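Enquirer: return a 3D structure for these sequence lines:
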Amino acid sequence: MFKSPITVSQLTTIIKELIEDEPLLRDVVVKGEISNFKNHNSGHLYFTLKDNQSVIKVVMFKYNAKHLKFMPQDGQQVIITGYVGVYQEGGSYQLYASSLHSIGEGDLTLAFNQLKEKLEKEGLFSPIHKKNPPQFPRKIGVVTGDNSAALRDILITLKRRNPLVEVVVATCLVQGAYAKNDIVSKLEVLGSRTDIDLIILARGGGSLEDLWPFNEEEVARAIFNCPIPIITGIGHETDFTIADFVADKRAATPTAAAQQAVLDLQELNQQLDIYESSLKNLLKKNLSRQKERLMELSSRIVLQRPLTILNPFYQNLDSLQRDLFNGYNNIIYFFKEALIAEENKLLSLSPNEVLKRGYAFIKLRNKILKSIKEVEVNEEIEVSLTDGKLWCKILEKFEVE
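Expert: Residues are numbered from 1 along each chain as shown. The predicted structure is shown next:
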């Protein structure tokens with residue numbers, strides 16, 4: 001018992017020390033229902049945790065709140081880990097939370113649904129914002145993991161379907177805490193280029209945790225803001241990420257994304273042959289029907305008029321047949337010439353064609369040189385020509401004015 005009166009602050013300090021020195025209260029795990037939730041503009045979270053009989057105030061400071069996968073809401077049942085302390089200015093004890101987990105629905109599932117609902121309300125999934133991928137892209141950017149099966153499958157598929165398409169690979173992290181920033185960075189780099197017609201964003205299958213970088217808000221907004229059409233191929237058939245909803249087109253797998261990105265030239269040629277055959281058959285059937293009808297009519301007319309009256313019709317029929325076949329040949333010729341022109345145009349842009357015209361690619365330590373400022377005297381460089389490579393040593397360099 002105190003011999004003389006003490007101040008409120010002194011009493012509060014004593015209570016604070018008693019509570020905070022109690023080992024049982026330094027590391028507690030508490031479950032309850034959230035109410036009066038407030039997300040302060042400082043980044044701190046304030047709310048009340050309650051059950052049927054009691055309530056306790058809870059504070060989660062910004063440095064802990066930033067690690068939450070979802071935003072808490074009133075009515076949620078949660079489990080909180082933290083310690084009990086005293087807020088001296090208010091004279092109240094409260095729970096200082098270091099972690100918070102949802103009861104029932106998993107944290108990642110809850111975070112996924114919250115972000116999906118938020119972005120859908122903002123219109124990021126709306127079809128009116130979807131960009132149509134080009135039918136004949138000349139250069140495709142690929143954002144995926146380095147040395148991954150997804151990258152290998154994409155490159156093989158693109159080369160098999162259309163070997164004339166040039167591919168620019170921007171490898172990135174596709175898993176872990178740093179993956180989202182790496183993905184955003186690579187999308188921004190490719191999106192700023194004017195020579196790329198289409199981007200494939202892909203990774204192989206995995207758990208919800210493995211695929212989580214593709215459910216981050218930063219990645220979703222980078223996809224939405226990219227001026228170049230994006231096709232996603234993330235995970236397997238049953239895997240859906242936020243990135244898939246925002247992308248201009250979604251494929252079930254990385255291989256399927258590559259298939260959607262380019263048309264198969266061999267299939268195009270086969271389809272053209274089918275059209276040619278169908279058109280021929282159609283013309284023959286029409287001509288056959290017209291001949292049969294004419295023969296039927298001629299059999300009636302010859303009973304009343306001389307046979308010579310039919311001669312002009314036969315001549316017209318022959319003329320019509322010639323015109324039809326000439327028109328058909330012109331159509332087929334036009335489409336074949338157009339296809340050949342497109343193939344030649346793409347072929348002329350191939351690096352091998354550039355080398356055949358007398359140019360060369362010069363590399364220093366596997367990096368293509370664009371200026372003499374990037375190389376020093378006595379350094380060795382690799383010169384690629386159309387029929388081989390040269391190793392050269394720089395003896396002297398001078399700038400051209």
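
Enquirer: and whichever strand or helix holds L317, what's buried?
Expert: For L317, the host element (DSSP states H and E) is helix 311-348. Neighbour counts using 16 or more other Cβ atoms under 10 Å place L346 of helix 311-348 among the buried residues. In short, each C-beta sits where N, CA and C put it, glycine included.

Enquirer: average pLDDT for that helix?
Expert: The pLDDT scores in helix 311-348 average 77.

Enquirer: who are the packing partners of it?
Expert: Judged by 3 or more Cβ pairs under 8 Å, 6 or more residues apart in numbering; DSSP states H and E, the packing partners of helix 311-348 are helix 265-301.

Enquirer: residues of the helix it packs on that come out buried?
Expert: Judged by neighbour count using 16+ other Cβ under 10 Å, the buried positions of helix 265-301 are 265, 268.

Enquirer: before we move on, what about stretch 83-101?
Expert: By neighbour count on 16+ other Cβ under 10 Å, the buried set for stretch 83-101 is 84-86, 93-97, 100-101.

Enquirer: and the contacts of the lowest-mean-pLDDT helix or strand in the chain?
Expert: Between all helices and strands in the chain, the lowest mean by mean pLDDT, DSSP states H and E belongs to helix 351-356, at a mean of 72. Here helix 351-356 makes contact (Cβ atoms under 8 Å, 6 or more residues apart in numbering) with 166, 347, 361, 384-386.

Enquirer: same check on stretch 362-381?
Expert: Applying Cβ under 8 Å, 6+ apart, the external contacts of stretch 362-381 come out as 361, 382-384, 391-399.

Enquirer: can you give me the helices in the stretch 1-150 of the chain?
Expert: In the stretch 1-150 of the chain, the segments counted as helices under DSSP state H, counting those that start in this stretch are 8-20, 62-65, 107-122, 149-161.

Enquirer: export the ones you listed to a markdown table and tack on distance to G176?
Expert: Shown next, in a markdown table, are the helices of the stretch 1-150 of the chain (distance: least, Cβ to Cβ, whole Å):
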| stretch | distance to G176 |
| --- | --- |
| helix 8-20 | 36 |
| helix 62-65 | 20 |
| helix 107-122 | 14 |
| helix 149-161 | 16 |
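
Enquirer: what's the most buried one of those helices?
Expert: helix 149-161 (a mean of 18; mean count of other Cβ atoms under 10 Å).

Enquirer: mean confidence score for it?
Expert: For helix 149-161, mean pLDDT rounds to 95.

Enquirer: now do it: distance to the chain's middle.
Expert: Counting by Cα atoms, centre = their mean, to the nearest Å, helix 149-161 is centred 16 Å from the centre of its parent chain.

Enquirer: measure how it sits relative to helix 265-301, angle-wise.
Expert: Angle, helix 149-161 to helix 265-301, by axes from the mean of the first three to the mean of the last three Cα atoms, to 10 degrees: 40 degrees.

Enquirer: next secondary structure after helix 149-161?
Expert: Next helix or strand after helix 149-161 toward the C-terminus (DSSP H and E): strand 166-171.

Enquirer: what is the helix or strand following that next one packed up against?
Expert: Note on strand 166-171: by DSSP H and E, the next helix or strand toward the C-terminus is helix 179-191. Applying 3+ Cβ pairs under 8 Å, 6+ apart, one finds that helix 179-191 makes contact with strand 139-144, strand 166-171, strand 198-203, helix 217-225.

Enquirer: one step back: ok, of the contacts of stretch 362-381, which come out buried?
Expert: Buried residues within these, counting neighbours by 16+ other Cβ under 10 Å: 382, 384.

Enquirer: secondary structure for the contacts of stretch 362-381 - can I get that in CSV?
Expert: Shown next, in CSV, are the contacts of stretch 362-381 (DSSP: H, G, I helix; E, B strand; the rest coil):
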residue, secondary structure
F361, strand
E382, strand
V383, strand
S384, strand
W391, strand
C392, strand
K393, strand
I394, coil
L395, coil
E396, coil
K397, coil
F398, coil
E399, coil
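
Enquirer: domain parsing for this protein?
Expert: With domains defined by automatic domain parsing, the chain comprises 8-104, 128-261, 273-348, 354-393.

Enquirer: lowest average pLDDT across the ones you listed?
Expert: Looking at the domains of the chain, the weakest mean confidence is domain 273-348, a mean of 76.

Enquirer: to the chain's geometric centre, what's the distance from it?
Expert: In this view, domain 273-348 has its centroid 49 Å away from the chain centroid, taken as Cα atoms, centre = their mean.

Enquirer: stretch 112-122 now?
Expert: Offset of stretch 112-122 from its chain centre (Cα atoms, centre = their mean): 18 Å.

Enquirer: could you do stretch 342-357 as well?
Expert: Counting by Cα atoms, centre = their mean, stretch 342-357 comes out at 29 Å from the chain centroid.

Enquirer: tell me which of the helices and strands packed on helix 179-191 sits most buried.
Expert: strand 198-203 (a mean of 28).
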